[in-house]
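[1] coords please:
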Amino acid sequence: MLLLIPLLALFPSEQCGSIEGDAIFHDQSPLYCAPLEPMPGDTVSLRLRAAVGDLQSATVRIWDTGLNGGAGGEVLVPMWIETQVGPTQNFDLWRGDFTLGNDTLWYRFRMEDQGCTDVYQITGTLNNWDPAIRDFQIRPGFQGPSWARGAVGYQIFPDRFENGNPSNDPQNGEWEIAPGIGITAHASWNELPTGGSDFFGGDLLGIWQRRDYLQWLGVDFLWLNPVFESRSNHRYDATSYDRIDSHLGTNAEFQTMVQGLRQQGTRVILDGVMNHCSSWNEWFDRYHVYPWTGAHEDPVSSAYGDWFTFLPGFHPLNFPENYCSWFAINSLPKLNYANPEVRDRMVRAPDSVLRGWLQTGIGGWRLDAAEDVGPGCDGGDHSVWTEMRNLLKADDPDALLILEEWGDALPWLEGDQFDGVMDFNGFLFPVQDYCLSRNDSVATFRDRILKGLRAYAATANHSSWHQLGNHDLSRALTRAGLDADRVREATFLQFTLPGSPVLYYGDEIGTIGGNDPDNRRTFDWNLANWDRDTVKLVRKLSQLRHRYSALREGSFDPYWVHHAGRVMVFAREDAQDVLLMIAGSNNAPQNLNIPVDRYFADGDVLEDQISNRSYVVVNGKINLSGSDALEAHGYRVLHLR
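    Numbers count the residues shown, from 1 in each chain. Next comes the predicted model:
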């Protein structure tokens, strides 16, 4: 282990201007941070790339949160030139090693040249000393399932994917979704959805019957919207957590499907709604369905009375809505996690909701409204999720745990709760603003993607889900103004940027739809209506993601942009391969002369893995012009032939 030198003062803040900033690079991929998921006691090697001969010295500045009795403290790790890399040995690779302790580390790089100092941080640019900018982070012991790194996912709204068993279809008026409001059964699969009480008859057998299509697409896992017993079509309001909804199938049929899909290499991720249930739920029983006394019927005598939180003055007749619910929606009473019985039933017991269903062979859980879970009317109880992780990972270390969070998810991604997040902040919103609505410049997009990818530890980045849409958003094609080229631009980025691309059923064939419920249309199995170009692109990109590990776990270097042409060029690299992505978001063909000398040498022939076109490196560049110009909304995946 190298000597760690305590820092007594901030680094000097002089601007040097002599360091070749464009050549500096580090991220938390295995080439630059090894091991990928370090444990306490491991030797961690950090590497920094710089132009050959450019730096006089380099140092890792670490903030160790465990020093000084937990107050934290600064240490320095000296670096040395390990080797030269690049096609012409045109980069120095600096390396610094240290032994990892038990506590979270934040780090940045100090670079010296000609007596001045600059630092390199998560923005991927050179900055003077600025303590307010978040550094790279290492969370000792934060390990996620290896199968989930960069895996391809597919989200299914079960009632709308395929009807495999008409005998279990809901019938008109079969039950009430609210007093006096019966459900509606559509006469035709191709009708439009109308709300939460209309049903089309999609079921588990339908998913199973379409497994060949999912395998053809290259799907590694399915995320199913809730499947437990419910009165609504979305089922985010369970009436029982013990039973698969009978209009989807049986518990036995579910387990058969899960195990059958697993045998073909496809895992099933369930949607867990742990914060709230239905007012029709067997524990709450607002409408007197069950023979026992529900919490709403009499909070004092009911065995479930303190599983929920009733406010002062509550009476089931006089003040029927005076209880804690999700977003004050009275049909969604909120579970009270201050009650240990609730924690046992939902999380802790071997046959709890989370642990019991894990025993069926599912691949993990996506947890809905996770930030809202807590005692009484409150949310933000992270101890629930810490317990969940400890127990579920003991039951199945490969279980994937994904958080729904629309903002900064860092408080849940510190290694003790979730593996990853549905990454709205770091992926969906930037791609939407750049490709679909075309509001952002290419430079703004690049910076937002970099900031998002480097906001969390490496484990979380590899496991986090990247979607263009889901059941809570209008369809991607609709948000793109029905411009399929823009959707294909976004799809290209979804599959070539770091993270786990998750398709929303039907987006790949050109399904449209506005906000809920229109975004939950049925899957159109008539091939004549499909957007063939998009579905073929999805399949090709999925194949490339499975062929090249660099697309799943490799570094991400967005080193060149063409501002006027709205083109970004980025490399994905690991020990086996380098792939160069050219991503255009433009309305006209672009003639481009793209520098590639940081990864390829003169005379190298680069082949596009989508179109099979070839480009020869000349004077450190490749030329896309004339008949080879980058098409409007064009893209390339270049690999050394």
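[2] how is the chain partitioned into domains?
    5-138, 146-275+335-547, 276-334, 550-640 (automatic domain parsing).
[3] what's the end-to-end length of the longest one?
    So that's domain 146-275+335-547. Domain 146-275+335-547 has an end-to-end distance of 16 Å (Cα to Cα, to the nearest Å).
[4] which of the three states applies to residue 394?
    helix (DSSP: H, G, I helix; E, B strand; the rest coil).
[5] tally of neighbours for it?
    For residue 394, the neighbour count with other Cβ atoms under 10 Å is 10. In short, each C-beta sits where N, CA and C put it, glycine included.
[6] and it, how far is that from residue 524?
    In this view, residue 394 and residue 524 are 43 Å apart by Cβ to Cβ, to the nearest Å.
[7] try residue 393
    Residue 393 sits 40 Å away from residue 524, going by Cβ to Cβ.
[8] same question for residue 384.
    As judged by Cβ to Cβ, residue 384 and residue 524 stand 40 Å apart.
[9] so for those two, which sits in the more crowded spot?
    residue 384 (22 against 15).
[10] surely that one touches residue 374?
    Yes - with contact defined as Cβ atoms under 8 Å, residue 384 counts as touching residue 374 (7.4 Å).
[11] which residues are in contact with each of these two?
    Shared contacts of residue 384 and residue 374, defined by Cβ atoms under 8 Å, 6 or more residues apart in numbering, are found at residue 337.
[12] for the closest residue to residue 204 other than its chain neighbours, pull up the helix or strand it's in.
    Spatial nearest neighbour of residue 204, excluding adjacent residues (Cβ to Cβ, 6 or more residues apart in numbering): residue 249 at 3.8 Å. For residue 249, there is no host helix or strand (DSSP states H and E).
[13] do the same with residue 539
    Assigned by DSSP H and E, residue 539 belongs to helix 532-547.
[14] quick one: residues in contact with that helix.
    Counting by Cβ under 8 Å, 6+ apart, 150, 152, 216-219, 484, 487-488, 491-492, 495-496, 501, 503, 508-510, 551-552, 609-610, 637 sit against helix 532-547.
[15] report the contact partners of residue 224.
    155, 156, 158, 207, 268, 269, 270, 271.
[16] the second one: what's it in contact with?
    Right, the one you point to is residue 156. Taking Cβ under 8 Å, 6+ apart as the contact definition, residue 156 lies against 207, 222, 223, 224, 225, 505.
[17] drop anything exposed from those residues.
    Among those, the ones that count as buried by 16 or more other Cβ atoms under 10 Å are 207, 222, 223, 224, 225, 505.
[18] make JSON lines out of those and add distance to residue 280.
    Converted to JSON lines, those look like this (distance: Cβ to Cβ, whole Å):
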{"residue": "207", "distance to residue 280": "26"}
{"residue": "222", "distance to residue 280": "27"}
{"residue": "223", "distance to residue 280": "25"}
{"residue": "224", "distance to residue 280": "21"}
{"residue": "225", "distance to residue 280": "19"}
{"residue": "505", "distance to residue 280": "27"}
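[19] now, among these, which is nearest to residue 296?
    Distance to residue 296 across the buried ones among the contacts of residue 156 (Cβ to Cβ) is lowest for residue 225, with 26.1 Å.
[20] narrow the contacts of residue 224 to those in strands?
    Among those, the members falling in strands (DSSP state E) are 155, 156, 268, 269, 270, 271.
[21] and for the fifth one, the neighbour number?
    When you say that, I think you mean residue 270. Residues near residue 270, counting by other Cβ under 10 Å: 25.
[22] which residues does it bridge with?
    Note on residue 270: beta-bridge partners residue 224, residue 365, judged by DSSP bridges.
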